[in-house]
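Enquirer: how would this look folded up:
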Amino acid sequence: PRAEAEEQKPSGSPISTSSIALEADILWPSVRGTSFGLGLPFGDAQEASQLPSKSSANAESSFLDEPGEETFADNEAPGDVDGDGNDLGDHCKENNGWGRGIVADFRRTILTHWTKEMSNLNQTVIATTFFLFFACIAPAITFGAIYAKATGNWIGAVEMITATAWCGIFYALVGGQPMMINGGTGPVLAFSGVLYSLSKSLDVPFLTFNAWVGLWVSVYLCISAFCDLNKIIHYATRFTDEVFALLISMIFIINALGNPFAPVGIYYYFEEDHKSHDKYEDEEKYSYMATAFLSLILCLGTVALAFFLKQIKFSPFGPNQLTRNVIHDFSVVASIIIMSVIGNVLFSGVQTETLNVPDAFAPTYACCTAECNSNWPIDCEEQAEPFGRRPWLVDLGDLNGKQWVPVMAAGPALLAFILVFLDDGITWHLINHPSHKLKHGDAYNYDTFIIALMIGINSILGLPWLVAATVRSLNHVHALATKLPNGKFIKVCETRLSGLGIHILCLITIFALGLLKLIPMPVLYGVFLFMGIVSLGTNQFFGRILLFFKQPSRYGETGESFSIHMKPTRIHIFTAIQLFLFVGLYVVKAIKLIAIAFPIVIALCIPIRLYVLPKWFTADELTLLDGDDDEIKKVLNRADENGFDFSTADNIPLSEEVKKEENCKEDGSKKARQSTAATITSTTTDNDVEDGGGFGSAQLFFSPPTIEEERGITTSIRSRRSWDVDEEPNEK
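Expert: Residues are numbered from 1 along each chain as shown. As a prediction, the model looks like this:
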């Protein structure tokens with residue numbers, strides 16, 4: 001290679017092989033301080049001028065590296081093989097019926113990666129654990145309070161916290177996809193309210209009826225896992241995934257700012273009759289407007305501070321990169337602590353709302369009599385104290401003489417099964433999107449079986465059903481990810497320890513509920529708002545909504561292929577269809593009378609994408625708008641080679657435009673490389689190269705490489721790592 005490089009060198013050029021290596025190092029520093037050209041500190045001149053070996057490169061650390069994490073090249077498989085070395089592959093491409101899918105998922109995930117996922121503890125995992133603890137415990141308490149209203153106190157905050165804790169610990173230990181976080185969701189809560197109303201109309205105890213419905217749901221889930229019904233989920237594309245993901249993200253954002261369908265959010269603190277002001281109405285110095293403004297400051301301050309601290313990682317501030325990494329990882333936790341201190345100490349004279357946590361760990365339902373068929377104090381106000389609490393174990397035989405109820409429960413259970421199945425499946429599909437760079441494989445069938453087991457146990461104990469919580473799961477992935485400043489994923493620390501730690505803390509909280517009152521509710525609203533905004537970052541559907549408000553000639557600045565190669569009107573039609581479904585989903589979910597139809601509307605998105613949209617868009621347009629990165633690359637390569645029409649509007653072939661753009665890019669890259677080489681030649685002497693110096697003022701003139709250039713530079717550096725001027729060419 002050295003001889004070929006010398007032959008290709010222009011006559012009279014003083015650039016040697018060592019200076020070529022130096023050029024690569026300046027464009028992409030390959031030693032300590034590496035930052036993908038993001039302006040982070042270079043290593044010293046001696047280190048920067050030497051091309052490290054593979055072992056030494058792995059030994060060095062930068063802001064992209066996490067302790068104990070393996071990395072994969074772009075063309076390297078994640079290593080999903082069994083003990084015999086056979087490729088396990090994508091389970092959807094095989095015959096996974098009759099339980100084969102469950103076994104394949106177990107081998108792909110638990111048997112292959114469990115040990116590593118239980119031993120890769122680092123500071124990012126610790127920071128993520130505390131961040132998502134607050135993100136999980138607050139909704140658990142809030143949902144628990146709403147459950148109590150919807151179910152007549154049969155299920156409340158204590159039951160929700162208990163279910164969150166034990167299900168989270170159990171899943172972290174035996175689940176197949178540790179990036180998932182289980183939790184309560186609005187659609188499941190709405191369905192529980194429907195079951196409560198139905199049980200009253202049937203004159204059957206709610207917990208008994210709920211238990212039989214839950215057991216049927218478990219049976220349906222087990223059958224679906226055994227028969228590989230999860231293949232249906234893989235027909236869902238980005239079209240369906242991102243409509244659902246945007247809905248859940250917007251629920252978090254709207255509930256933090258102000259829900260138009262319920263008095264929840266920062267906005268309602270500005271209303272004098274809000275329930276949070278009731279307990280202070282007798283205090284003369286209390287001002288609801290002061291409380292409202294402080295609440296607004298705490299909420300927005302939590303969000304702003306969290307984003308500011310996260311950006312420290314890519315800035316020059318701080319003594320070294322390790323310090324910046326620590327600040328980045330603990331940004332949300334630090335924001336919660338700082339804003340809580342501001343609210344409780346600096347503004348101690350202004351009252352703010354706190355979480356309404358239960359006083360003790362006991363079932364929510366207090367009984368008037370031994371039969372426990374009436375609720376204290378609602379049904380027995382004259383009674384000073386409750387007779388006791390309802391038992392933890394549900395009596396499945398308490399049917400009030402209606403022995404047909406267990407069979408009848410199979411009907412509503414079918415609708416509940418559709419809800420749970422789609423909620424879990426779409427969330428898993430979002431988590432495992434190729435852009436997240438997860439390497440440990442999926443486990444749809446195996447996890448469906450695990451969810452079935454948890455729902456069955458919760459039903460017997462009178463606990464709420466938990467499903468995959470979309471926003472919390474996506475934030476789990478984001479928190480454990482290493483990204484570029486533009487949000488592009490590089491790798492994710494796939495671990496079980498964060499999920500285990502989160503829910504162990506939830507379990508401990510059961511016995512120290514009073515401590516949660518130290519955190520103002522507006523701060524937790526800020527956490528919800530932060531989570532919702534973060535989950536929007538990788539949602540292409542949201543990005544296309546923003547195109548409605550942008551200058552069409554500048555759409556290409558988004559970097560998306562469809563914005564470059566498609567007409568704006570075609571993009572907007574596709575976005576409008578998604579927006580119509582999104583609004584429909586939100587309305588159905590918000591109206592309690594029809595909220596039970598929520599899973600049906602989600603399910604309709606799949607056939608609409610498969611059978612309706614192909615009548616309005618060409619296959620290539622749908623690929624650009626709705627395909628994965630690999631599919632888009634194939635379409636663009638075919639367009640460049642053969643030429644075809646992306647647009648159905650006026651048959652304007654765009655392949656020539658694509659070629660011109662690529663040629664311009666290639667010409668620009670050549671000129672940039674020539675300019676770089678000339679600059680290095682003019683600022684680097686032979687002695688500088690030999691001594692390992694030569695940076696001087698030269699590196700100040702080099703702008704960071706683009707993302708497209710990064711892979712090429714990495715490949716170039718890898719190909720040169722074995723070059724050594726002291727060795728003979730025939731040894732290479």
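Enquirer: surely C367 meets G388?
Expert: Yes: C367 is within contact range of G388, at 5.4 Å (criterion: C-beta atoms under 8 Å). Heads up, the C-betas are built off the backbone N, CA and C, glycines and all.
Enquirer: which one of the two has more residues nearby?
Expert: Remark: of C367 and G388, C367 carries more neighbours, 20 against 15, as counted by other C-beta atoms under 10 Å.
Enquirer: quick one: residues contacting the more buried one.
Expert: 373-376, 386-390 (C-beta atoms under 8 Å, 6 or more residues apart in numbering).
Enquirer: out of these, which sit inside helices?
Expert: Assigned to helices by DSSP state H, none of the contacts of C367 qualify.
Enquirer: tell me the buried residues within those.
Expert: For these, a burial check counting by 16 or more other C-beta atoms under 10 Å picks out 375-376, 386, 389-390.
Enquirer: now those in a markdown table, with pLDDT and distance to A150?
Expert: Converted to a markdown table, the buried ones among the contacts of C367 look like this (pLDDT from 0 to 100; distance: C-beta to C-beta, whole Å):
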| residue | pLDDT | distance to A150 |
| --- | --- | --- |
| N375 | 80 | 14 |
| W376 | 80 | 19 |
| P386 | 81 | 21 |
| R389 | 86 | 19 |
| R390 | 87 | 17 |
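Enquirer: from A639, how far out is the closest residue in space to G156 that isn't next to it in sequence?
Expert: Using C-beta to C-beta, 6 or more residues apart in numbering and skipping residues adjacent in sequence, the residue nearest G156 is T364, 2.9 Å away. For T364, the distance to A639 (C-beta to C-beta, to the nearest Å) stands at 61 Å.
Enquirer: next, the residue nearest to G156: secondary structure please.
Expert: Following DSSP: H, G, I helix; E, B strand; the rest coil, we place T364 in the coil state.
Enquirer: now do the contacts for it.
Expert: Going by C-beta under 8 Å, 6+ apart, T364 touches 144, 148, 153-159, 358.
Enquirer: residues in contact with F530?
Expert: Listed by C-beta under 8 Å, 6+ apart, the contact partners of F530 are 302-303, 306-307, 332.
Enquirer: which SSE is it in?
Expert: helix 521-536 (DSSP states H and E).
Enquirer: where exactly do the helices run in the stretch 151-300 of the chain?
Expert: Assignment of helices within the stretch 151-300 of the chain using DSSP state H, counting those that start in this stretch yields the ranges 157-174, 186-202, 206-226, 238-257, 288-311.
Enquirer: give me the angle between the last one and helix 238-257.
Expert: Direction vectors for helix 288-311 and helix 238-257, defined by axes from the mean of the first three to the mean of the last three C-alpha atoms, to 10 degrees, enclose an angle of 140 degrees.
Enquirer: give me the pLDDT value at I510.
Expert: For I510, the model assigns a pLDDT of 83.
Enquirer: what are the phi and psi values at it?
Expert: Main-chain dihedrals, I510, degrees, to the nearest 10: phi -60, psi -30.
Enquirer: what about the nearest residue to it once chain neighbours are set aside? Give its phi and psi, please.
Expert: Of all residues beyond its chain neighbours, the one nearest I510 is F361 (5.1 Å), with distances taken as C-beta to C-beta, 6+ apart. Per-residue torsions, F361: phi -90, psi 100 (degrees, to the nearest 10).
Enquirer: wait, a strand at C380?
Expert: No: C380: not assigned to a strand; according to three-state DSSP it is coil.
Enquirer: need the contact list for it.
Expert: C380 sits next to 368, 374 when contact means C-beta under 8 Å, 6+ apart.
Enquirer: against F387, how distant is it?
Expert: Distance, C380 to F387, by C-beta to C-beta: 9 Å.
Enquirer: next SSE downstream of the helix or strand containing I337?
Expert: Per DSSP H and E, I337 falls inside helix 331-341. Following helix 331-341 in sequence order, the next helix or strand is strand 366-367 (DSSP H and E).
Enquirer: number of nearby residues for D359?
Expert: 8.
Enquirer: look at the residue nearest to it when sequence neighbours are not counted and report its pLDDT.
Expert: Spatial nearest neighbour of D359, chain neighbours left out: L513 (7.6 Å); criterion: C-beta to C-beta, 6+ apart. At L513, the model reports a pLDDT of 77.
Enquirer: who touches both of C380 and F387?
Expert: C368.
Enquirer: tell me how many other residues crowd T109.
Expert: 24.
Enquirer: so it sits against V174, correct?
Expert: No: if you go by C-beta under 8 Å, T109 and V174 don't touch, sitting 10.3 Å apart.
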